[in-house]
Each structure stands twice: as C-alpha cells, then as structure tokens.
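Visitor: predicted model and sequence below, questions to follow.
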Amino acid sequence: MKIRGIAQAISEGIRQEMERNDKIVVLGEDVTYWGAVFGFTMGLFDKFGRKRIIDTPITEQTFMGMGVGAASVGLHPVISLMFVDFLGAGFDQMFNHMAKNYYMSGGQFPMPITVITAIGGGYGDSSQHSQVLYSIFAHLPGFKVVVPSTPYDAKGLTIKALRDQNPVIIFGHKLLTGLPFLPFEGIEEEVPDEPYEIDFGKAIVRKEGSDITIIGTALMVHRSLKAAEMLEKEGISAEVIDLRTLVPLDEETIIKSAKKTGKVLIVDEDYMSYGMTGEIAFRIQSKALRELKVPISRLAVPDVPIPFSEPLENAVIPSVKSIYDEAKKLLMH
Amino acid sequence: MKIRGIAQAISEGIRQEMERNDKIVVLGEDVTYWGAVFGFTMGLFDKFGRKRIIDTPITEQTFMGMGVGAASVGLHPVISLMFVDFLGAGFDQMFNHMAKNYYMSGGQFPMPITVITAIGGGYGDSSQHSQVLYSIFAHLPGFKVVVPSTPYDAKGLTIKALRDQNPVIIFGHKLLTGLPFLPFEGIEEEVPDEPYEIDFGKAIVRKEGSDITIIGTALMVHRSLKAAEMLEKEGISAEVIDLRTLVPLDEETIIKSAKKTGKVLIVDEDYMSYGMTGEIAFRIQSKALRELKVPISRLAVPDVPIPFSEPLENAVIPSVKSIYDEAKKLLMH
Amino acid sequence: MIIKPEPTIKDLSFIIDNSGLKPNDLLNMYKRMVTIRYFEEEIRKVYHEGKNPFNMASGIIRGEMHLAIGQEAVAVGSLYNVRVDDVVISTHRPHHHAIAKGVDLKKLAAEIFGKATGLCRGKGGHMHLFDKEKNFACSGIVGASFPQAAGAAFAFKYLNKDNVAFAFAGEGAANHGTFSETLNIASAWELPLIIVIEDNKYADSTPKSLVMSTTFHYQRGLAYNVPSYLVDGMDVIDVYITTKKAVERGRRGFGPTLIEAITYRYVGHFEGDGEEYRTKDEVEFWSQVDPIRRLENRLLKLNFADSEMLAKLREEARREVQEAIDFAIKSPYPSPEEALRGVFA
Amino acid sequence: MIIKPEPTIKDLSFIIDNSGLKPNDLLNMYKRMVTIRYFEEEIRKVYHEGKNPFNMASGIIRGEMHLAIGQEAVAVGSLYNVRVDDVVISTHRPHHHAIAKGVDLKKLAAEIFGKATGLCRGKGGHMHLFDKEKNFACSGIVGASFPQAAGAAFAFKYLNKDNVAFAFAGEGAANHGTFSETLNIASAWELPLIIVIEDNKYADSTPKSLVMSTTFHYQRGLAYNVPSYLVDGMDVIDVYITTKKAVERGRRGFGPTLIEAITYRYVGHFEGDGEEYRTKDEVEFWSQVDPIRRLENRLLKLNFADSEMLAKLREEARREVQEAIDFAIKSPYPSPEEALRGVFA
Ligand SMILES: Cc1ncc(C[n+]2csc(CCOP(=O)(O)OP(=O)(O)O)c2C)c(N)n1
Ligand SMILES: Cc1ncc(C[n+]2csc(CCOP(=O)(O)OP(=O)(O)O)c2C)c(N)n1
Ligand SMILES: [Mg+2]
Ligand SMILES: [Mg+2]
C-alpha cells in the first residue's frame, strides 16, 4: 500500500496491533474525532469506538499517570501528548514513574506504554508549539526515543513499540505527517500491508557518500538529503544518516561513517546546547578521534525559543540552505 | 566570616539582598521553619517573617506560575524547588513561561526570578530524590544555570542572581550544604561579610596542572580535587576546572586548559547521555581538536536511575576512586 | 439550557439602574464588542487568503488561529470593570480579551501578522500577545493563566495596591490541576484574583460532557471557599454586574472570585476545524442569542440609542479595525538577526 | 476537634454488629496494627543506630525515613476490605499501607535495608516499595498516587474485573492538582477508585491551616460529584465501615469514593525532624486517642478478648517483626553490577 507521510503509517501500525492485542487502549486529548490533531490516531475511533479510543480532559499529569497505573495491571496504553511542548504539564509521571518503575521495582513492573507526540516547527506556531525536546527524554534513563522520518519506518517502529515492554516515545514531526493542513517535506512510499517490525537502535544510511557525513533525524534528514543533492551537483559526495532512534543509539553506523569521511556535520531541530548534537559528537570523537579531519560541526536551533514571525523562524530552524552552507564550510576547512 | 558549606552562604546572600531590595520574596515548600529543608533559606523567616518568607502548598506548577506573575508586576521572587527531582510537577511554568516570556514578549517582560533547588545523591535517597538534572535546564533556552561548589562562590553567585533580570536556577548540591544531617564533602572558608557578586560565565581553575584536565561541577569538583591529589602523589599533574555556571558557559577557560594538557576528563553527576558531558566535549573538539592527544573521556551516572542500596548507589555516582581510575586510564592511553 | 430568558424592558431598566451603568457605558460596550467581532472577522479573512487549499503555513498569517467570535460579551462585560494597571492573563484564544483590555489594535494586528511593529516585535504571535503598558499577557499552554494571574494578585497584595488580576480560561482548562491549585491558594491567602471561565462547551473537539463529572465548574470554586457565580456569557450586562462585585471584593482585599460564563464560539476551535463534533443546528441555536445582537436590541428598546447611532459606532469600529489591519499589512517584518536577540534581559 | 467521642459499649456493639465484623476480624485488625507499630518502631531503632550525631547517610538504613506511627488505623481499617488482586498505590510514607496490604514483612524490611532479598532487590528503598504479587506500589513524589490508582481502576473497568484501586495520600498532597484532576476523571468515567486522604495536619513542617482554604478536603470531593466521607482515622472501625461502602460501590461499577481520615503522626515528618512547627502538648493530646490503645480498650470492654489473648497477639507480632528485621540484617547486599541492569525490560 502506498502511504504518504508518517501519520497514516503510525495510525495503521496502531490499528493492526490493536486488532491483535486487546490490551491496547488509546488515551489522550482529541484522539477520537481529531485523530490526536496530527493524525497519529486517525481512523481508530471509527474502528474501535470509545471503549478503546478515549478522549481525556486536558490533564497531562493525570493521563500520563493513568497510563502508568493501567500498564501496571496489564494494559498497553498508547498515550497521545498532543504537542511535545506540553510535556511540562505531565512530566513527573513520565520521567519519575513511567521511566523508572521497572528499574525501581527490581523488574516487577514493566511499563509497556507508547507515547506518541508531535514535534517541530516551520509553520508559524511559535515558541510553545514548535519545539522538538527529544534530547530531554533521551537524557533521562528509562525511555526509548524513536524518531521516524518515513512511512515505512513509522509503521515498523510503531509496531515495534507496541510490542515492547518499555516506555517508548514516538516523536512524529509535523511536517512529515502528510496531513493536508501542513507543509509536507516527507515522502510517499510503498509500505507492506502486513504488520512488520523495525528494530530500535539501527540507524540507516539514507544516502551513501565519501566526502562528508551528515547526521540527523526526522525533518532534518529530508533537508539534509536535499542539501546533499545540491552538493552532489558540485561533485561532493555526502553521506546522510538517519538516526531513527536516539535511545538506543546506533554508534556503529555513525562511527563507521565518520571514519570513512573524516568530516561530520550533525543537524538537529532541537535546541543546540546540552542536547543531541553534543552527544553524537562525544561518541564520534571517542571512537574516531584520529580519523576526524576537521572538528565535528553542528546546526541546531541556536538556543533561542522558536520565534513566531516567518523570517525569524526561518532564521533559527536549520534549512536546506543552511545545511548546505555549513557542509561547504566544513569541506573548505 | 567563616562559612561552612553552601547553604549558609546562599541564605546569607539572600538575606543581604532582601535587606537592600524589598521586592524580593521567598516562596516554596517549607521555607520558613525548615529553611527549604536544605538550608538555602535558613534564618530568613526569623528575620523577615511570613510576609516575605512564605510556605506554599505542594503545588509546584502553581507556585512557579505565581513567580512568573509576580515577576511581571515587579517583584523578584526567590522560589524553592525543594529537590530538583520535583521539576516535573511544575515544569511547564518554568520552561514555557519563566524562561520564554521575556523573549516572546519582545523584551517587555523581564523575568527576575531566582529558583533554588537541591541536587545530588550519595546519602541513600534513591531514584526520585537524588538526581541532578541541570542539563535539562541548560538545554532549554532562557535559564541561567548556576552550580556553586564553595561558600564564597555560593554567596557571590546568589547575590548576582538576585540582581539579574532573568530566571536563574541555582543548583545546590546536598553534600556541599554543610548541614549536620548530611555528609559534607565541601569546604569551610572565609567569606566577605559585605555583599559581593561573582560573574556568571567564568569557570575557575581550582587546581593548576599540565598532564590532564578534569572538568566538573559541584560535588564532582571536590571529588576531582581529591583524585588530583592522589595523582599528584604519583607525579601526575592534573588541572581541575569548576565550571560554576553551565549557562553561560566559559568556553575559553576549558579550551585553554584542553589545549595545554591535550587530555580531558569530564566528570558529571547528572545522567551521562545527551547532557553536560557531551556538550563540553563538543565545544572542546570544536576549538582544540588538533591539540587533543587522546579522545575526551567522561564519567557520569551511566544512564540508570539512582538506585537505593548503598553498593548500587556507589556504583553509579562518580567517586574519587573512579575519577582517579578513569584519569589513569586516560593517561595510559 | 442555561441562557437566561431575556428580561422585560422594565426589569432590564431596573437592573441597569442598579448596576450604575449609564447609557454611554452600554454604548461603549457595544462599540467594543463590535470592534472585537470585526477585528476577528477581518483576521479570519486575511488568515484564509493564500490558504487555498488550506495549509497553516501559507498566506500572510501563519500557524494556528483561535477566534472568539461569539464570546465577545464575556471579555467586554468583565473587563469593563478594570483599570489599565490591573492585570489580565489570557489564553490561546486571546484577541477578545486583549481588545477589551485596551490593547492597541494596530500593534495587536501587527503582532498577529508577525511584523516588527507588533506588540512583541513579531516574536510572540497570536497565542503570545504581551502588552506591558496595558498589563496584558497570555499563553498557548492550557491552564497556565491561573497561577500567573494569582502571582500578579499576590504581588498586588504584597505591594499594598488595590489592583486585581484576571485569569481567563476555557471550561476545558478548568479541568487542569492548575485551576484547583490556584483556587485553593488564592482563597487561603485572600488574593485579589478573578477567574473567568468561558464555557463554550468544547475543548478542541472534546465536548465537556465526556470529560467532566459535573455540568459546571462553579461548584468546584465553592468547594474551595471561593465565591462562585454562573453568568450568562451571551449577556454583557449580566457578565458586567457579576464581575463588578468580584472586582470590588478583590480591591477591598476580601479575596478571589470565580465567574463561569456560559458562552459559545460560532467558529471552529481553530481555523480549519472541520467541526465533526457538533451539529449545524447547535451553532444555529446559539446564534439566536448572539451577544451583540442582543445588546443592540436592548439599546434600541431602552431608547439608549437609535439605529443610526449604532450604525455610526459600527462604522467607527470598522474603520479602526481596517486601519489596524492596514497598518499590520504595511509594516515591515523583523530582520532575521532579531531572532537571536533578546533571550536574556 | 474532629475525633468522635467514644461510643457507649451498647452503641459500639450495635455498630459492629451492623458492620458485619466478627470478633475475630477485630482481633486481626488489632494484630495488624500492632505489627505495623512494632515494625516501624524497630525500623526507627535500627535507623538511628550508627547515626549519632544524626546523619542520613550513616548507619544501616540510609536516606530519608518517614514513619506512620499513629496512623495505623487508617491503613488497616481501609485495607481490611480489599483482596490481594486489588491495587494499592501509596506514598513516601508507605509502610503501614504495605503491611496492611499483606506485603511480606521480610521482603519489606530487606528492601528498606537495601538488601538483595528485598522486594525490589534493594533498588527501590523505603519510598519505592513495589510488590507485584500483592499489587502494591508507591512513589516518593507527592500527588503521584492519585492518577496511578485511577489508571489501575480504569484498567479494571476496561477488563470487566470487579477490582478496586486505592490511592493513599496526605492532606498536603490533596492540594496538588493531580487530586482534583483525578477526582474529575474518576467521577466522569465512574472508575472503581478509592482515594484515602490521611489528614495528619502537616505536610512536612507546614500546618494545613496556612495553605488550605478549607478545613477539610472532603467537600472538594463532593464538588466533583464524588461521594466523600470524613472519618475518624484514629478509629479503625469507623475507617473500616466507611471504606466498606466505598469498596462495594467500586466493585459494583458505581464509581469512586473519597475518604478523608483525621489522624496524627506521633513522630516527626521524617526521622531527624526537629518538630519546630508543633507543640509537645499537641502530640500529647493526640496520643490520648492512640488507635491501638483505643481498639484494645474496646476489645476488652466488649469481651472479644482478654488481656492475655491480646498479649499473645502482641507477642506474635513482635516475633514476626523481629524475624523480618533479622532476615533483613542477615541478607546480603546486591552486587554493584546489579546497578547497571534492569533499566529496560
Ligand atoms: C497543557 C496543554 N494541553 C493541551 C493543549 C492543546 N489545546 C489547545 S486549546 C485546547 C482546548 C482548550 O479548551 P478550553 O479550555 O475549553 O478553551 P477553548 O479553546 O474552548 O476556548 C487544547 C487541548 C495545550 N495548549 N496545552
Ligand atoms: C511533588 C513533590 N513536592 C514536594 C515533595 C517533598 N515532600 C515530601 S513529603 C511532603 C509532605 C507531604 O505531606 P502530606 O501529603 O500531608 O503527607 P504526610 O507526609 O503528612 O504523610 C513533601 C512536601 C515531594 N516529595 N514531591
Ligand atoms: Mg472550551
Ligand atoms: Mg500530612
């Protein structure tokens, strides 16, 4: 089946698992009529009704905590956090309980919970509705951090999450959803009809290359691929790596590439400092210091809130152009 | 005046500023009788009474939000977040409002708010009362992140915070407080009686050395100094840097040292991945790649919740011994 | 159905006399309400320009757009009681509150357009309108307004000022824990806080009946010892009179008040909303109590104005709105470098 | 003062007859209460060993230690109604709930000592006691128990089971937003949830009168349409009878209940507490309604037991507690490598 964007792919993955596993319930704001706004639960309400697809009040702390409690007696809750920006209204239950109860209980209480949340800017939604914030989850022990960038991956990673006994947070980028009311920078592709899994902890080389390695996730993968095309035209061969999951992280793939090219650019739509770019850089220098021909470089939101106005927003989120420019700078080094 | 530990130094700083500035009020749980549990507000209640030192109900989101509102009409709230582990109960008001309102309002609403919170483990308080978590604040734009490790610094940085128009989070390590009911690994030192400021963004070289650079904050500074002493006895000269503030970060001092020694160990009591260690490493490789003789190394809590049992807790928090060992490994490299 | 029946003219006269409102006040309120209505209708028009097919990122105004068309009486009736130095904290649906608080239309429009001349120099946008001069702020995070207004109220009390602080929020937001936390503390500390809940029956697509254990919120206020009133939010006079009591109570240091206003938004939750969750009939039903038309009828019946006068007021409102929109359109965008400035004061 | 006057023996007999409690039940309750008391007294003793001068990190038991000495009747009276497959979510002060829920004393003690034989293999500790077999869990974060118990209740309803879930919390925790959020949703969705608030007058050092706008919380429950009861938490029978109604209501699918139990802790908030915030007289006053002594007196007066029998029960309890403490002391610590295992299932 051809699927355009990750929203339909994610909801398709949930649907198939819900058919197989009646312990799965979907909770969150506007998960029925509105498919969780960004389409991650679209179609499920028609199919499964209000018993399994449940609109909650606007009470993030409470529905996250309910997920913890429901998981502890055998359900597998899928919880929508409408925008990742809202994490602050429910974070305690997420990082102090959902993520830790398995460990703290000495292995007695697995927490099979799948949280799906929307990330990213680029459409004018300003500082409280455009963040990425996955580094925070990746920093805190106990979460698996999944960032699909294609329909194929989105479905396979979602199904994997729904068969995992741990809290998995799926970060779906709004501009990759494929929904008509948003810009679309993702892809349409053939996706198997039947359920399938994609392993966590396996990055994927989206484009092979030998001159420079560009590492990213989600929207940044697609923008990096476009920048790589531009470079290609100038005879520069860029390798583009899609991390797919931040936890677990596939060190092998990135280090192999870094050793090959000796030049690494990390591109991130999360805030720059104390986040993903630093971590990836640490891992690379740790295993490939000698092979680095130039310092690792990075692009990310430069430690400012995402501003509203279009020229301002464009100035802070890495673009095809800024990726291209930064790659060139690195290559000139 | 001789002060033992950072708790008295911080409360002394607050007291002096409160005398100068009647817009300062202190809000939080148990800030009166108990001095915010970890002593950061001790003595203030006796001096200023309930009008200015105010016990709140256990409602982090609300008293953080009240801080935002009070700051917007001219007060300078000092807010106690008893343990940093409780951030999840009030994080939205912190990162989406306190940290952003100045920017989002185009400069109309400065947010002069000082949050004081306790960090760290090492005394058996388990997974929900032993975290450090400052990387999260450092990752999110709009916070200044202050981590004092000595009484002199604690007082000067607190006074600086209370004269700053921005949200400043002061992270006071419990084992540096000097309170009788906790182990004490900090120092007693002479501190000027009069108020003084210490600038943010200035790291300090706690011990000069030439063979290896050890970078840390808070408790880790003191443990690193002890490890450095052990190394010294073997003729190894370690430089120990105390970052003092993560935001702003003093790149210059760390890069100068990294260039000098070519060998860097970053020690952190926060979780390892996607946090402080990665960020510092990024900055160093970015400006001193060629000077690095071996890959930058790190020690931190290895991405597990802090376990309760003593041998387990000791296994995850960097110790004098593990710092010493890691430094030796780095030097053998 | 909660909307009160329209009083007889005699009763209405009595109510108005008692309230202290003069005919001119009612005309001012009328003018403000139509200004809000026109402003939002214009924003709506411009918002959809260049959005065919609908795409949030296209056109001149980008991002989400939450309009309060239908809810004007709540903002105008309640805020007719406030002074410029009183504080108002609003929500993701903030235009009507901003205008009722006296925020400059031009700067408001320019901010919504993301222009350098906007209230926040284009950094905030529609959900983050700030006006230091008018003591107005808002947030795109549901439930965030309660504690912030309580904090301002706390500061007023601390500073011995007789100001009050308003928190606006939807009936959905009032299920959030910040609502009860704030009720408790404001009541315990007798803060000059006024919470106005606009109950428009839906939070996004979610009808309140599915997620609320009670039909209304005001009884929850009572459980925290906060005087709590249910008012007809489609009747600007009803809103005004109740809020007046609340403001007086606050100014005198007696503590907070909760006002729950039954109202309705005639448009979607945000622009682009397919409104699968409600019927056309329901919208039609509520449009029969349009707060503007209702006031208009009363003004005429009470002989406070004739149609001509009202037409003149509408004309003025239209012109002011048009000027604001024109100003916004003509204003320059901020320069990209501005994005990196102003994280810290 | 809320504690009810002691009923006459005649009235008491009537109450007990009506409750369905048999003499043996009351003896069981007595045994459980003294077990809790002895257990906590022993923990207290061991905790302070090696802590002179007092230092949380020294001695055999490290970290904070919150004891519920004085609050036993709340745990025992309420949980005498539950089955092993019902869920209980407790707080930072969890021992009495754990024991009343039937958690094994040995594993419990071993966990508090941080031993490999503990409930959680030493990873959780005193504030993080988990027992999958007994469906018991807790959290050191105030206010966290409410939604988690509601989630378990939700699952029970979804799975068509007739179980109930309990959330325990202090009167301080009930000011937290999770309390009202949970009341609302549990009531709207008719979840088999029972919230038990232990009102011991203080949250840490903070007296409730300074931070609460009402004297009690139960009226807040009523505002969410949750049947809400104020009970004498120093009277195990009163707690039992009210909770019984709540449990029956829950099992039959009628929805949640709130029970607020007036109680008192005779010891500090945590060990090492200087108790600057209360007077010795107050503690003395409350010790006159010691729930264990009260039940003891009744058992004797009702002729349900003679002093010898009670002494025997106490003896048994003492022995069990001692065995548990001995077990904990003798058990090995987990090996350091264990720290790195078990983040993910
Ligand atoms: C903490 C948080 N959760 C969810 C949202 C998404 N959201 C925005 S508006 C809204 C509905 C608000 O409903 P209500 O409070 O009734 O206000 P109304 O939109 O009806 O004016 C939701 C869920 C948010 N902005 N913040
Ligand atoms: C979210 C959060 N805030 C603060 C604390 C610190 N704290 C631990 S116990 C406590 C007081 C709790 O009081 P109450 O709920 O009445 O329970 P009690 O201790 O009286 O049993 C506080 C403030 C915490 N653990 N979690
Ligand atoms: Mg609404
Ligand atoms: Mg209490």
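Guide: Great, that's in hand. Numbering: from 1, shown residues only, chains lettered A, B, ... in the order given. Ligands and ions are numbered 1, 2, ... in the order given.
Visitor: now stretch A:290-308: buried residues?
Guide: Buried residues in stretch A:290-308, counted by 16 or more other CB atoms under 10 Å in any protein chain shown: A:291-292, A:294-308. (Glycine included, C-beta is placed from N, CA and C.)
Visitor: how many neighbours does the residue of the stretch 151-300 of chain A at minimum distance from ligand 3 have?
Guide: The stretch 151-300 of chain A approaches ligand 3 most closely through A:Phe181 (20.9 Å), counting by CB to the ion. The criterion is other CB atoms under 10 Å in any protein chain shown. On that basis, A:Phe181 has 22 neighbouring residues.
Visitor: isn't it up against C:Met56?
Guide: Yes: with contact defined as CB atoms under 8 Å, A:Phe181 counts as touching C:Met56 (5.5 Å).
Visitor: any common contacting residues for those two?
Guide: Between them, A:Phe181 and C:Met56 have C:Gly272 as joint contacts when contacts are counted by CB atoms under 8 Å, 6 or more residues apart in numbering or on different chains.
Visitor: for the chain, what spans make up the strands?
Guide: Since no chain was named, I'll use chain A. Ranges of strands in chain A, per DSSP state E, are A:2-4, A:24-28, A:53-55, A:76-83, A:114-119, A:144-146, A:168-173, A:188-190, A:204-207, A:212-216, A:238-242, A:245-247, A:264-271, A:297-301.
Visitor: can you look at chain C instead?
Guide: Assigned by DSSP E, chain C shows strands spanning C:87-90, C:136-138, C:165-170, C:193-199, C:202-203, C:206-207, C:228-232, C:257-262.
Visitor: whether the fifth one contacts ligand 1 - can you check?
Guide: When you say that, I think you mean strand C:202-203. Yes: part of strand C:202-203 sits near ligand 1 under the criterion CB under 6 Å from any ligand atom, namely C:202-203.
Visitor: apart from its neighbours in sequence, what residue is nearest residue 323?
Guide: Assuming you mean chain A. Using CB to CB, 6 or more residues apart in numbering or on different chains and skipping the chain neighbours, the partner closest in space to A:Ile323 is A:Ala227 (3.9 Å).
Visitor: hmm, I had chain C in mind actually
Guide: Once chain neighbours are set aside, the closest to C:Glu323 by CB to CB, 6+ apart is C:Lys106, at 6.9 Å.
Visitor: wait, what's in contact with whichever residue of the stretch 151-300 of chain C sits closest to ligand 4?
Guide: Proximity to ligand 4, evaluated over the stretch 151-300 of chain C using CB to the ion, is greatest for C:Asn184 at 15.1 Å. When the contact criterion is CB under 8 Å, 6+ apart, the partners of C:Asn184 are B:57, B:59, C:224, D:175, D:211-213.
Visitor: which of these count as buried?
Guide: Buried members of those, counted by 16+ other CB under 10 Å: B:57, B:59, C:224, D:175, D:211-213.
Visitor: in a markdown table: those residues, plus distance to ligand 1 and pLDDT.
Guide: Converted to a markdown table, those look like this (distance: CB to the nearest ligand atom, whole Å; pLDDT from 0 to 100):
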| residue | distance to ligand 1 | pLDDT |
| --- | --- | --- |
| B:Pro57 | 21 | 98 |
| B:Thr59 | 16 | 98 |
| C:Tyr224 | 19 | 98 |
| D:Asn175 | 20 | 98 |
| D:Val211 | 24 | 97 |
| D:Met212 | 25 | 97 |
| D:Ser213 | 23 | 97 |
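Visitor: in helices, which of the residues you listed appear?
Guide: D:Val211 (DSSP state H).
Visitor: residues in contact with residue 27?
Guide: With no chain named, the answer covers chain A. A:54, A:56, A:63, A:66-67, A:77-80.
Visitor: ah, no, chain C please
Guide: C:Leu27 makes contact with C:299, C:304-305, C:309, C:313 under the criterion CB under 8 Å, 6+ apart.
Visitor: 7 Å instead, please
Guide: By CB atoms under 7 Å, 6 or more residues apart in numbering or on different chains, C:Leu27 lies in contact with C:304-305, C:313.
Visitor: C:Gln318 and C:Tyr38 touch, don't they?
Guide: I think there's a mix-up here, since residue C:318 is Arg and not Gln. Yes: with contact taken as CB atoms under 7 Å, C:Arg318 and C:Tyr38 are classed as touching, separated by 5.6 Å.
Visitor: which of the two has more residues huddled nearby?
Guide: Set side by side, C:Arg318 and C:Tyr38 give different neighbour counts by other CB under 10 Å, the larger being at C:Tyr38 (19 against 16).
Visitor: close to ligand 3: what parts of the stretch 51-200 of chain C are there?
Guide: Taking CB under 5 Å from the ion as the measure of proximity, the stretch 51-200 of chain C contacts ligand 3 at C:170-172, C:200.
Visitor: all helices of the chain, in order?
Guide: Unless you meant another one, I'm taking chain A. Assignment of helices within chain A using DSSP H yields the ranges A:6-20, A:44-52, A:60-72, A:91, A:101-104, A:134-139, A:151-162, A:218-233, A:251-261, A:276-288, A:310-316, A:320-332.
Visitor: you answered for a different chain; I wanted chain C.
Guide: For chain C, the helices defined by DSSP H occupy C:9-19, C:23-48, C:72-79, C:95-100, C:105-112, C:145-158, C:177-188, C:208-211, C:218-223, C:236-251, C:280-287, C:291-301, C:307-330.
Visitor: the third one near ligand 1 anywhere?
Guide: So that's helix C:72-79. No: under the criterion of CB under 6 Å from any ligand atom, helix C:72-79 makes no contact with ligand 1; the nearest approach is 10.3 Å.
Visitor: touching that helix from outside, list them.
Guide: The set of residues that contact helix C:72-79 without belonging to it, under CB under 7 Å, 6+ apart, is C:29, C:32-33, C:36-37, C:88, C:96-97, C:100-101, C:196, C:198, C:233-237, C:239-240, C:243, C:259, C:261, C:263, C:291-292.
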